[in-house]
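[1] Sequence plus predicted model, see below.
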Amino acid sequence: MARPTQAVINLQHLKDNYQLAKQHSQQAYAVIKADAYGHGALATAQALSEADGFAVACMDEALQLRHQGIKKPILVLEGAFDKDEWLSAVEHDIEMVLHHQSQFDILISDPCFAQLQLWFKIDTGMNRLGFRLDEANTLLDMCRNAGLRIKVLMSHFACSDDLEKAKTETQFQALDTILQQQKLFWPELILSSNNSAAIIAWPKVRDHISRPGIMLYGSSPLIDSSSSHCVLKPVMTLKSKIMASHIVNAGESIGYGDSWIAEHTTRIGIVAIGYGDGYPRSAPSGTPVWCNGKRLHTVGRVSMDMLCIDLNDNDDIDVGDDVELWGEHINANEIASLCNTISYELFCQLTQRVKRIYSA
Ligand SMILES: *Cc1c(COP(=O)(O)O)cnc(C)c1O
C-alpha cells in the first residue's frame, strides 16, 4: 500500500458552507486563492457550481482556472502587476481590483480597458491596499471621465474577527458614505466588504457581494472560535496511519533533540506525516490527534516525514490504524492555536505530497 497520508475533502460540506455564506448577501464570490486554501482550487470551483463567482489573489491563479474550463466570473483581488496582465484580463474576461494610482495610469493608456469590470478598492482602515478615503471621490471621477467601468466599491476589514472592536462598523460606514456620494454618477454601483468573519459575526454589516474564504472550508475565523453560533462543517480531514510501534523504557527519549523523555514504560506509535507534508513542526508534545474514537497525543518533535504518539493504555491501537490530525474530530483551530497560528496557515502550507481525496 502507498503512503497513507491524505487530505480527504468533503465537497458536500463545502457546498453547505457556501449556502450558509450566501444567506447573508445577495451574492457571494467564493474565495479560492492559494489553491483554495490548500483544498484544491479546481475541485473546489467545480463543486461550487452554485457560486456567483470566484475570487483569487493573482492573474496566474485566475488564468489557470479559465484554462481548466471555469466559466463563472473570476475576480483578481490584487489586480494586475503590469500591462500584459491587464490585457490578459480583457482577453479572458476577468474582473479586476483597482487599488493603486499606478494601475489607473495603465488603464487609461489603452481604450480596450474600458471593457473591464473593475472593483474599486478603498482603504477604510486596513492600511494595506486601496485608495485613501479622502482621494476616493476624485479618483472615481477620473475613472468615470476616462470611461472605465466600476462595478463594485470594495474594502477589506482589519478586525472583523474580533467582536469587541467597533472598527468593522466604522469601516463599513466609511465605504457606504462613498457609495451614497457616487450613486448619482454610477447608479448600478454596489458594495463588497464582507469576509467570513463579517458574514458570521456582523449581522448589521450587509453588503451586496460578500467574499467568504475560510468559512467555506469549515473553519471559524473568529478569535473566540468556539462560539456556538458557528455551524460550519469541517471540509478537510487530514489523516495518515500508524506505520510502526514500539516500547520505550522510562528515561528513554523520542525523536530529534531528545525533547520528550518517557517517565515510565511507554508504547509509542509512529505516524506517517510530518512537516514535509505541512503538519506544523511547531506542534508541541501533547498536541491532540484522533485515533480509534479517542484523543491521543503527540510526543517529541515533529520530524519531516513522521511524528510520534503516545499509545499507552490503548492496546487496541496499532500499526495500520487511522490517525486524524485535524478534521471531523479535531478542530484545525485547536491545532493552530497550539502552534501560535491560524487554521488558514495550516491549510495553505499542506504540501503536494499530501494526496487530496474528494468525497461527494
Ligand atoms: C482572502 C480574502 C478574503 C477572504 O477572507 P476570509 O477571512 O478567508 O473569509 C476576502 N477579501 C479579500 C480582499 C481577501 O484577500
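    Yep, that arrived. Remember, it's a predicted structure, so these values are computed and weren't measured experimentally.

[2] Report pLDDT for the closest residue to the ligand within the stretch 251-360 of the chain.
    For the stretch 251-360 of the chain, the residue closest to the ligand is Y344, as judged by C-beta to the nearest ligand atom, at 6.4 Å. The C-beta positions use only the backbone N, C-alpha and C, and glycine is treated the same way. pLDDT for Y344: 97.

[3] Which of the helices or strands spans it?
    Per DSSP states H and E: Y344 is located in helix 343-348.

[4] That helix packs against which elements?
    The helices and strands touching helix 343-348, judged by 3 or more C-beta pairs under 8 Å, 6 or more residues apart in numbering; DSSP states H and E, are helix 33-37, helix 332-338.

[5] C291 is in contact with I317, correct?
    Yes. At 5.7 Å, I317 counts as touching C291 under the criterion of C-beta atoms under 8 Å.

[6] returning to that earlier point: quick one: contacts for the residue of the stretch 251-360 of the chain closest to the ligand?
    Residues in contact with Y344 (C-beta atoms under 8 Å, 6 or more residues apart in numbering) are Y37, G213, I214, S219.

[7] Now which of those would you call buried?
    Listed as buried from the contacts of Y344 are Y37, G213, I214, S219; burial here means 16 or more other C-beta atoms under 10 Å.

[8] what's the closest of those to V248?
    In terms of C-beta to C-beta, no member of these lies closer to V248 than S219, at 35.0 Å.

[9] which SS class is the closest one?
    In three-state terms, and counting by DSSP: H, G, I helix; E, B strand; the rest coil, S219 is coil.

[10] Turn the helices and strands packed on helix 343-348 into TSV, columns for mean pLDDT.
    What follows is the helices and strands packed on helix 343-348, written out as TSV (pLDDT from 0 to 100):
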stretch	mean pLDDT
helix 33-37	98
helix 332-338	96
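
[11] Need phi/psi at H156.
    phi -130, psi 140 (degrees, to the nearest 10).

[12] number of nearby residues for T177?
    14 (other C-beta atoms under 10 Å).

[13] gap between it and M215?
    27 Å (C-beta to C-beta, to the nearest Å).

[14] how about the residues of the protein that lie near the ligand?
    31, 33, 77, 156, 195-197, 211-215, 221 (C-beta under 6 Å from any ligand atom).

[15] ok, 8 Å please
    Applying C-beta under 8 Å from any ligand atom, we find that the chain lies next to the ligand at 31, 33, 37, 55, 57, 77, 97, 129, 154, 156, 161, 195-197, 199, 211-216, 221, 344.

[16] Pull out the buried members of the residues you listed.
    Buried among those (16+ other C-beta under 10 Å): 31, 33, 37, 55, 77, 97, 129, 154, 156, 161, 195-197, 199, 211-216, 221, 344.

[17] Contact partners for V97?
    Listed by C-beta under 8 Å, 6+ apart, the contact partners of V97 are L75, V76, L77, E78, G79, L118, W119, K121, L129, M154.

[18] Name the helix or strand for it, please.
    Applying DSSP H and E, one finds V97 within strand 95-98.

[19] Mind listing the strands that strand pairs with, and their directions?
    Here strand 95-98 is paired, per DSSP bridges, with strand 74-76 (parallel), strand 117-123 (parallel).

[20] could you dump it to CSV, C-alpha only?
    Listed next in CSV are the C-alpha coordinates belonging to strand 95-98 (Å, rounded to 0.1, in the frame of the first residue of the first chain):
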residue,chain,number,x,y,z
GLU,A,95,-12.9,41.1,-13.1
MET,A,96,-10.1,43.1,-11.5
VAL,A,97,-9.5,45.1,-8.4
LEU,A,98,-8.1,48.6,-9.0
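
[21] How far off centre is it?
    Between the centre of strand 95-98 and the centre of its chain there are 20 Å (C-alpha atoms, centre = their mean, to the nearest Å).

[22] Tell me if I'm right that C159 and K165 touch.
    Yes. C159 is within contact range of K165, at 4.4 Å (criterion: C-beta under 8 Å).

[23] Can you pull out the residues in contact with the strand or helix carrying H13?
    Here H13, judged by DSSP H and E, is contained in helix 11-22. Applying C-beta under 8 Å, 6+ apart, the contact partners of helix 11-22 are 28, 30, 39, 43-44, 47-48, 50-52, 196, 199, 210, 212, 215-218, 231-235, 358-360.

[24] mind listing what's buried in it?
    For helix 11-22, a neighbour-count test (16+ other C-beta under 10 Å) marks L11, H13, L14, K15, D16, N17, Y18, L20, A21, K22 as buried.

[25] Helices of the chain, start to end?
    In the chain, the segments counted as helices under DSSP state H are 11-22, 33-37, 41-47, 59-67, 83-91, 101-107, 133-145, 167-182, 196-201, 332-338, 343-348.

[26] List just the one of the ones you listed that sits closest to E252.
    Closest to E252 of the helices of the chain is helix 332-338 (C-beta to C-beta; 24.7 Å).

[27] and the closest one, how far from the chain's centre?
    Helix 332-338 sits 15 Å away from the centroid of its parent chain (C-alpha atoms, centre = their mean).

[28] what sits up against that helix?
    Here helix 332-338 has contacts from 219-220, 225, 234, 236, 280, 283-284, 287-288, 325-326, 342-343, 345-347, using C-beta under 8 Å, 6+ apart.

[29] Then stretch 46-59?
    Contacts of stretch 46-59 (C-beta under 8 Å, 6+ apart): 11, 14-15, 18-19, 22, 27-34, 41, 45, 62, 65, 70, 72-78, 80-81, 85, 88-89, 94-95, 209, 211, 213, 216, 358.

[30] one step back: could I get the contacts of Y344 as TSV with distance to P111?
    Output for the contacts of Y344, formatted as TSV (distance: C-beta to C-beta, whole Å):
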residue	distance to P111
Y37	38
G213	34
I214	39
S219	44
